[in-house]
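A.B. asks: 3D, please:
(chains A, B, C and D)
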2 protein chains.
Amino acid sequence: MGLRERKKEKTRLAILDAALDLFLEQGYDSTTVDQIAGSVEISPRTFFRYFTSKDDLVLWYHDQGEEIMQETLRSRPADEPPFTSMIHAVRAVAHDMDDSTPEDAARFLKLRRLLDENPRLVGLSVARGAATEQRLAVEIAARSGVDVTTDQRTHLIVAFAMSTLRVGFDCPQPDVPDMRILVARMEKTLELAQNAFRPGWDV
Amino acid sequence: MGLRERKKEKTRLAILDAALDLFLEQGYDSTTVDQIAGSVEISPRTFFRYFTSKDDLVLWYHDQGEEIMQETLRSRPADEPPFTSMIHAVRAVAHDMDDSTPEDAARFLKLRRLLDENPRLVGLSVARGAATEQRLAVEIAARSGVDVTTDQRTHLIVAFAMSTLRVGFDCPQPDVPDMRILVARMEKTLELAQNAFRPGWDV
DNA sequence: GTAATCTATGGCAGTCCATGACAGATGACA
DNA sequence: TGTCATCTGTCATGGACTGCCATAGATTAC
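C.D. replies: Numbering: from 1, shown residues only, chains lettered A, B, ... in the order given. Alright, predicted model coming up:
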């Protein structure tokens, strides 16, 4: 990795951290892009070259999460019941968070606090999750050999799994002191979800 | 109802219809609030007195939908399993759409086309649905006598039901010629969902 | 090591969304 | 009809975002 790329990654994280701190300190809405840019000493114009929008700042982890889910799906046996595969994908995201560096964990907990204070941002996160859901549905449909535009069963399977992820992470929740608690909560939610369905409902 | 209120309702619908037509004609992003206001001959400032934002235009039906669901929940017996109550609530929304006036139906079908062309707007709709979901969870938790902030089972029950609604309506779907097809699709989705769960999973 | 090249950045001008403040217009009601 | 409450338009302002062009910095070739 060249100097250029390393520098970019560093700037990206600097923007993110500065923004999260400012948001928590003085509120999301009352923090301007100019302020964020100023605090990391870049021009406002450059900010928009790193993040497509101010809102985009609170969605940084979604790309990685989606990637992990897609990889997991690809690695599961083709004849596995689709909901089972989806549950594995959700669990993989939880494990990845569990393994995250202290810096990433800190970012994530800051984000959680931010979401608790700004319902609108929860909405953004949910909306982004819905986009992921569509793409995962395409993958699952392909595996099952059905047409994604007409097969509602596939959409339900993916939607139920993503709901589980959402309940585990996006729902308002009492103060989360550390990552472990968040992941444990997720595990518990997954277990509840798995026990909810009729065996063989998704084949 | 006084002249004043009737006039307001008329203006509101005029804005909505003008906006939907403009959006479909020239795209959501390239339609400005000024244009919408101009086409119904009100000032741009007045537009924002009828709709809190441009985005808000595509969410007009959510208020009514949420109201119907809340009413349905209140009308269900207190000892009914919560997921069953939620399914009734979702079905009530579908029936209400089925009964809608031709004008409302036309608006709805226009909106569906708009959603198909603008994934971002689907996100908005989903986000708005998530807000409803939170409020319904409060209601369901109260009925079951559990604490909504900690009981993940309640959130799952509501989330699964709302997922069903979403799969029926928000998912991209082949051209919808009329309301009947949309409602029929919803019914089918509801049936699939009902058969997915283990009997008694939600008690 | 230097020149040529590619890319990241900054500055500037402009568009659009959204909101507050105030004044004028219009329906409600005694 | 006159008073009151509410709706509406005008003006001014701020903040998010984009296109364009010039410059500074990193990369590559020689």
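
A.B. asks: not counting residues beside it along the chain, what's closest to A:Ala127?
C.D. replies: B:Gly123 (3.1 Å; CB to CB, 6 or more residues apart in numbering or on different chains). Quick note: C-beta positions are derived from backbone N, CA and C, even for glycine.

A.B. asks: so what touches stretch A:49-69?
C.D. replies: A:8, A:11-12, A:15-16, A:19-20, A:33, A:36, A:89-90, A:92-93, A:96, A:108, A:111, A:114-115, A:121, A:124-125, A:128-129, A:132, A:135-136 (CB atoms under 8 Å, 6 or more residues apart in numbering or on different chains).

A.B. asks: go on, stretch A:126-140?
C.D. replies: With CB under 8 Å, 6+ apart as the criterion, stretch A:126-140 contacts A:59, A:62, A:65-66, A:69-70, A:73-74, A:82, A:85-86, A:89, A:148, A:154-155, A:157-159, A:162, A:165-166, A:170, B:119, B:122-124, B:126-127, B:130, B:166, B:170-172.

A.B. asks: one more pass at 6 Å, please.
C.D. replies: Under the contact criterion CB atoms under 6 Å, 6 or more residues apart in numbering or on different chains, stretch A:126-140 has outside partners A:59, A:62, A:66, A:73, A:82, A:148, A:154-155, A:158, A:162, B:123, B:126-127, B:130.

A.B. asks: then stretch A:152-165?
C.D. replies: Contacts of stretch A:152-165 (CB under 6 Å, 6+ apart): A:82-83, A:86, A:90, A:129, A:133, A:136-137, A:140-141, A:189, A:193, A:202, B:159-160, B:163, B:167, B:171, B:189, B:192.

A.B. asks: max-length helix in chain A?
C.D. replies: For chain A, the helix with the greatest residue count under DSSP state H is helix A:119-144.

A.B. asks: wait, does that one make contact with DNA strand C?
C.D. replies: No. Helix A:119-144 is not in contact with DNA strand C by CB under 7 Å from any atom of the strand; minimum separation 11.2 Å.

A.B. asks: any residues of chain A in contact with DNA strand C? List them.
C.D. replies: A:Arg4, A:Lys7, A:Lys8, A:Thr11, A:Glu41, A:Ile42, A:Ser43, A:Arg45, A:Thr46, A:Arg49, A:Tyr50.

A.B. asks: show me what contacts the first one?
C.D. replies: Right, A:Arg4. Counted by CB under 6 Å, 6+ apart, A:Arg4 has zero contacts.

A.B. asks: can you give the domain ranges for chain A?
C.D. replies: Domain assignment of chain A by automatic domain parsing yields the ranges A:3-52, A:59-195.

A.B. asks: any idea which of the ones you listed is most buried?
C.D. replies: Using mean count of other CB atoms under 10 Å in any protein chain shown, the stretch among these with the greatest mean number of neighbours is domain A:59-195 (a mean of 18).

A.B. asks: span of it from start to end?
C.D. replies: Its start and end residues considered, domain A:59-195 measures 30 Å (CA to CA, to the nearest Å).

A.B. asks: would you turn the domains of chain A into CSV with mean pLDDT?
C.D. replies: Below are those laid out as CSV (pLDDT from 0 to 100):
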stretch, mean pLDDT
domain A:3-52, 96
domain A:59-195, 95
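
A.B. asks: adding distance to B:Val183, write these out as a markdown table.
C.D. replies: Formatted as a markdown table, the domains of chain A follow (distance: least, CB to CB, whole Å):
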| stretch | distance to B:Val183 |
| --- | --- |
| domain A:3-52 | 37 |
| domain A:59-195 | 14 |
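
A.B. asks: what about the strands in chain A?
C.D. replies: Using DSSP state E, chain A contains no strands.

A.B. asks: residues from it in reach of chain B?
C.D. replies: Contacts of chain A with chain B, taken as CB under 6 Å from any CB of the partner chain, map to A:123, A:126-127, A:130, A:149, A:152-153, A:155-156, A:159-160, A:163, A:167, A:171, A:174, A:189, A:192, A:196-198, A:201.

A.B. asks: now A:Arg143: closest residue in space that isn't a chain neighbour?
C.D. replies: Closest to A:Arg143 by CB to CB, 6+ apart is A:Ala78, at 6.0 Å.

A.B. asks: for B:Asp34, see how far away the residue nearest to the spatial centre of chain A is.
C.D. replies: When CA atoms, centre = their mean is applied to chain A, the residue found nearest the centroid is A:His62 (3.5 Å). Distance of A:His62 to B:Asp34, computed by CB to CB, to the nearest Å: 33 Å.

A.B. asks: what of A:Glu66?
C.D. replies: From A:Glu66 to B:Asp34 the distance is 37 Å (CB to CB).

A.B. asks: picking up where we left off before, tabulate the contacts of stretch A:126-140 (TSV), appending distance to A:Val183.
C.D. replies: Formatted as TSV, those follow (distance: CB to CB, whole Å):
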residue	distance to A:Val183
A:Leu59	20
A:His62	18
A:Glu66	19
A:Leu73	21
A:Pro82	24
A:Val148	31
A:Thr154	28
A:His155	27
A:Val158	22
A:Met162	18
B:Gly123	27
B:Val126	25
B:Ala127	25
B:Ala130	22
